[in-house]
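[1] could you work out the structure for the sequence below:
(chains A and B)
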Amino acid sequence: MTTERSVELTPVSQPATTPSQTVGPFFALPGGLPWPDGPDLLPPHAPDAVMLRGRLSDGAGEPVPDGLIEIWQSDERGRFAHPDDPREQATDFRGFGRCATGPDGEFWFRTVKPAPLPTPAGATEAPHINVTVLARGLLDRVVTRIYFPDDPMANATDPVLSAVDPARRDTLVATATADGFRFDIRLQGDDETIFFAV
Amino acid sequence: MSTDSIGNPSDRLILPQYERDDASHPALDTPEYFSTSQRSPLRPLQLLPQNLTEITGPVLGHERVGETDHDLTVQHEGEPLGERIVVSGRVVDSDGKPVPHTLVEVWQANASGRYRHAGDRHPAPLDPNFSGVGRCMTDENGHYRFVTIKPGAYPWRNHDNAWRPAHIHFSLFGRAFTQRLVTQMYFPGDPLFYQDPIFQSVRDPKARERMICEFDLDSTIPEWALAYHFDIVLRGSHATPFEAEEDDDDD
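    Okay, here's the model as predicted:
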């Protein structure tokens, strides 16, 4: 994979990780990766629920009906239920969602809108959701981020969003809908979504 | 924004940083694997700094694992056809540290090379006693163990007379978003490796070897099952020199 900018970390040792391979077309076996509660991150009557919907499409603009979308995000106060979050925290929000795309390439999640986050450099990241896309034809996962259209000020100073090509920045910002947000993912083409090397 | 939602700005946030290992992983754009042609992004990837969202990740526990999920041979009335095998190993990071209490998911074809999936048109028999899905958690030392049957090779339409080498799909979360890994485990000495563009998409031969399990005599069950050993290496994290001072940051 190539990166546009490179920030070199001093290697401690030569890493030798297990290589990635494609998730293939058959991950949705009965009882397999698409968990029954995968797309729904919330209890039934959660007051702040938003619907996040989108469509995964390929370089020809055709829907990708055999993809798997995963999301990872903070709760609405910016907290992660994770031991490496060094801040004072208390959340039982799962933060993780997983949805197989349908025949029309569509996916959905029922979640909450996350909150701004501090960075080690002293900046503030605008509310965002990290996304992993897995599919036949992708030899490694691809990663993108969802930002929100109702945070123009926070988005303008977000260190990640402000570093990407302005002409393509909109591919990372969801659009508002009646009950939440829409975020389409285009794997390839003129309007290709911005993807990240993590 | 209230300081409450982002924390006290005067507190220095010290986060682990996970090493990249691009040389071990396939290029997204691998023309020999035909499905990449319309699906692999063609623009350069942007580097994402590793901040809070990246160094955390889903903590998925035992609630995700059913009683028979680790043994794919006992999930139905009868026993599946095929060669019983034990697949076990360790999940570690590239610094050699075990990855404890993390979810491992597997899925695979049956002994005749057929997946229990509507999209699989290979005219080989389904096995009513085999679903091909397993889950388990690593223990405190990163060990995991499955019992299953050896999957068969199967044809696909990538190129003329194309066959996938026998493999088991693995999905791992590790501890952080940066460590997420989906891969395939292959079997030693498979004669189909040379013509498989998915296996060959990993260009470094040493890295390819890390996708091949080893025969594991010690884990065999005499008069019952053969065994294979497969260690999985996720990205390691740099220790930061400030880590020991973390306690001082507490109010």
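[2] let me know the pLDDT of the closest residue to A:Pro159 other than its chain neighbours.
    Spatial nearest neighbour of A:Pro159, chain neighbours left out: A:Ala123 (4.8 Å); criterion: CB to CB, 6 or more residues apart in numbering or on different chains. (C-beta placed from N, C-alpha, C; glycine too.) For A:Ala123, the model assigns a pLDDT of 95.
[3] equivalent analysis for A:Thr2, please.
    45.
[4] now B:Met1
    For B:Met1, pLDDT reads 37.
[5] now swap in B:Pro9 and tell me
    49.
[6] how many residues are close by the residue nearest to A:Pro159?
    Neighbourhood size, A:Ala123 [other CB atoms under 10 Å in any protein chain shown]: 16.
[7] need phi/psi at it.
    Here is the backbone geometry of A:Ala123 (degrees, to the nearest 10): phi -90, psi 180.
[8] how near is it to B:Thr56?
    From A:Ala123 across to B:Thr56, the span is 18 Å (CB to CB, to the nearest Å).
[9] distance check, the residue nearest to A:Val173 when sequence neighbours are not counted against chain B.
    Computed as CB to CB, 6+ apart, the closest residue to A:Val173 that is not its neighbour in sequence is A:Tyr147, at 4.8 Å. Noted for A:Tyr147: a distance of 12 Å to chain B, by CB to the nearest CB, to the nearest Å.
[10] which residues does A:Tyr147 form a beta bridge with?
    In this structure, A:Tyr147 bridges to A:His128, A:Val173 when assessed by DSSP bridges.
[11] might one say that it is in contact with A:Thr157?
    No. Using CB atoms under 8 Å, A:Tyr147 is not in contact with A:Thr157; the gap is 12.0 Å.
[12] these two: which is more packed in?
    For A:Tyr147 and A:Thr157, the more surrounded residue by other CB under 10 Å is A:Tyr147, and the numbers stand at 22 against 12.
[13] what sits against the more buried one?
    The neighbourhood of A:Tyr147, defined by CB atoms under 8 Å, 6 or more residues apart in numbering or on different chains, consists of A:Ala126, A:Pro127, A:His128, A:Asn155, A:Asp158, A:Leu161, A:Leu172, A:Val173, A:Ala174.
[14] looking at the residues you listed, which is nearest chain B?
    A:His128 (6.9 Å; CB to the nearest CB).
[15] ok, now which ones touch that closest one?
    A:Gln73, A:Pro114, A:Arg145, A:Ile146, A:Tyr147, A:Phe148, A:Asp158, A:Val160, B:Thr53.
[16] excluding residues flanking it in the chain, which one is nearest the third one?
    The shortest distance from A:Arg145 to any residue that is not its chain neighbour, by CB to CB, 6+ apart, is 4.9 Å, and that residue is A:His128.
[17] next: the fourth one.
    Closest residue to A:Ile146 in three dimensions, ignoring its sequence neighbours and counting by CB to CB, 6+ apart: A:Ile129, at 4.2 Å.
[18] report the contact partners of that neighbour.
    A:Leu52, A:Ile71, A:Trp72, A:Gln73, A:Thr111, A:Pro114, A:Arg145, A:Ile146.
[19] in the sheet, who's paired with the third one?
    The bridge-partner assignment for A:Trp72, based on DSSP bridges, gives A:Phe96, A:Asn130.
[20] and the fifth one, by the same measure?
    In this structure, A:Thr111 has the following beta-bridge partners (DSSP bridges): A:Val50.
[21] how about the helices in the stretch 1-150 of chain B?
    B:3-6, B:36-39, B:52-55 (DSSP state H, counting those that start in this stretch).
[22] and the last one, what other elements does it pack with?
    For helix B:52-55, the packing partners by 3 or more CB pairs under 8 Å, 6 or more residues apart in numbering or on different chains; DSSP states H and E come out as strand A:117-118, strand A:128-135, strand B:17-18.
[23] reformat these as a markdown table; add mean pLDDT and distance to A:Asp85.
    Formatted as a markdown table, the helices and strands packed on helix B:52-55 follow (pLDDT from 0 to 100; distance: least, CB to CB, whole Å):
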| stretch | mean pLDDT | distance to A:Asp85 |
| --- | --- | --- |
| strand A:117-118 | 96 | 10 |
| strand A:128-135 | 98 | 14 |
| strand B:17-18 | 95 | 15 |
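[24] hang on, the earlier thing: what's the least confident stretch among the helices of the stretch 1-150 of chain B?
    helix B:3-6 (a mean of 42).
[25] contacting residues for the spatially most central residue of chain A?
    Among the residues of chain A, the one closest to the centroid is A:Val131, at 1.7 Å (CA atoms, centre = their mean). Residues in contact with A:Val131, defined by CB under 8 Å, 6+ apart, are A:Ile69, A:Glu70, A:Ile71, A:Val143, A:Thr144, A:Arg145, A:Ile146, A:Phe183, A:Ile185.
[26] any idea how far it lies from chain B?
    10 Å.
[27] helix, strand or coil for A:Leu56?
    Classification of A:Leu56 using DSSP: H, G, I helix; E, B strand; the rest coil returns strand.
[28] ok, it - how many residues close by?
    A:Leu56: 25 neighbours (other CB under 10 Å).
[29] try the one 5 residues further on
    For A:Gly61, the count of nearby residues is 12 (other CB under 10 Å).
[30] now B:Arg12
    B:Arg12, neighbours per other CB under 10 Å, totals 14.
[31] that one reaches A:Pro120, doesn't it?
    Yes. Counting by CB under 8 Å, A:Pro120 is a contact partner of B:Arg12 at 7.2 Å.
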